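Novice: Structure for this input, please:
(one chain, ligands or ions: 1)
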Amino acid sequence: MSTACEELVDPKQIQLDEIIEKYRHENGPLIPILQGAQGVYGYLPAHVLKHISKAIRIPLARIYGVVTFYAQFRLTPVGRNLINVCLGTACHVRGGAKVLETIEKELKIKDGATTDDGRFTLEIVACIGACGLAPVISINNEVHGRLVPESIAGIFAKYE
Ligand code: FES
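Specialist: All right, here's what the predicted structure looks like:
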């Protein structure tokens, strides 16, 4: 049986502090700490950024500046399923924009957003290395290729 004290321990917080400790004395510790924090939480919650700011004595405003500058960082949680729509050259010339438009209509969200029910997050990406199957999307890293707009709804139905 666990004690009240044990229940207060947040394993993510422990991991975060380990990451901070690992990089804090390096030159330019902020980016690796943010990457590590996002790896732990899946995104960068406000309380985590505050904690990092205090721990490595970098003003919070500067941290937000970095987080919003780099596309790799996210300030909101990802939905249960992450859709990457490829708009790299091969996919673009083979109808990727039409596929994206269909997805945006179907889910009623734009790039970077998550559906209200938390089921899908939509992200536009450049080439995902499956150009031979263009146009492609990936959902949770599972690639769906040679897409036509009509196939989108059927694919989405497989993801809860
Ligand atoms: S351009 Fe889309 S997979 Fe390469």
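
Novice: Count the residues that sit near the residue in the chain positioned nearest to the ligand.
Specialist: Per CB to the nearest ligand atom, residue 88 is where the chain lies closest to the ligand, at 2.6 Å. C-beta: built from backbone N, CA, C; applies to glycine. Neighbourhood size, residue 88 [other CB atoms under 10 Å]: 19.

Novice: Touching, it and residue 129? I think so.
Specialist: No - the criterion here is CB atoms under 8 Å, and residue 88 misses it with residue 129 at 9.1 Å.

Novice: Report the helix or strand with the lowest average pLDDT across this structure.
Specialist: helix 4-7 (a mean of 53; mean pLDDT, DSSP states H and E).

Novice: avg pLDDT for the following helix or strand past it?
Specialist: Downstream of helix 4-7, the first helix or strand assigned by DSSP states H and E is helix 11-23. What helix 11-23 shows for mean pLDDT is 95.

Novice: Could you pull out the buried residues of helix 11-23?
Specialist: 16, 19, 20, 23 (16 or more other CB atoms under 10 Å).

Novice: Only C-alpha atoms, please: export that helix in PDB.
Specialist: Output in PDB follows, covering the C-alpha atoms of helix 11-23 (Å, rounded to 0.1, in the frame of the first residue of the first chain):
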ATOM      1  CA  PRO A  11       7.300  10.600 -12.300                       C
ATOM      2  CA  LYS A  12       7.300  13.100 -15.200                       C
ATOM      3  CA  GLN A  13       8.500  15.900 -12.900                       C
ATOM      4  CA  ILE A  14      11.400  13.600 -11.800                       C
ATOM      5  CA  GLN A  15      12.300  12.900 -15.400                       C
ATOM      6  CA  LEU A  16      12.100  16.600 -16.200                       C
ATOM      7  CA  ASP A  17      14.500  17.400 -13.400                       C
ATOM      8  CA  GLU A  18      16.900  14.700 -14.600                       C
ATOM      9  CA  ILE A  19      16.900  16.300 -18.100                       C
ATOM     10  CA  ILE A  20      17.500  19.700 -16.700                       C
ATOM     11  CA  GLU A  21      20.300  18.400 -14.500                       C
ATOM     12  CA  LYS A  22      21.900  16.700 -17.500                       C
ATOM     13  CA  TYR A  23      22.000  19.800 -19.700                       C
END
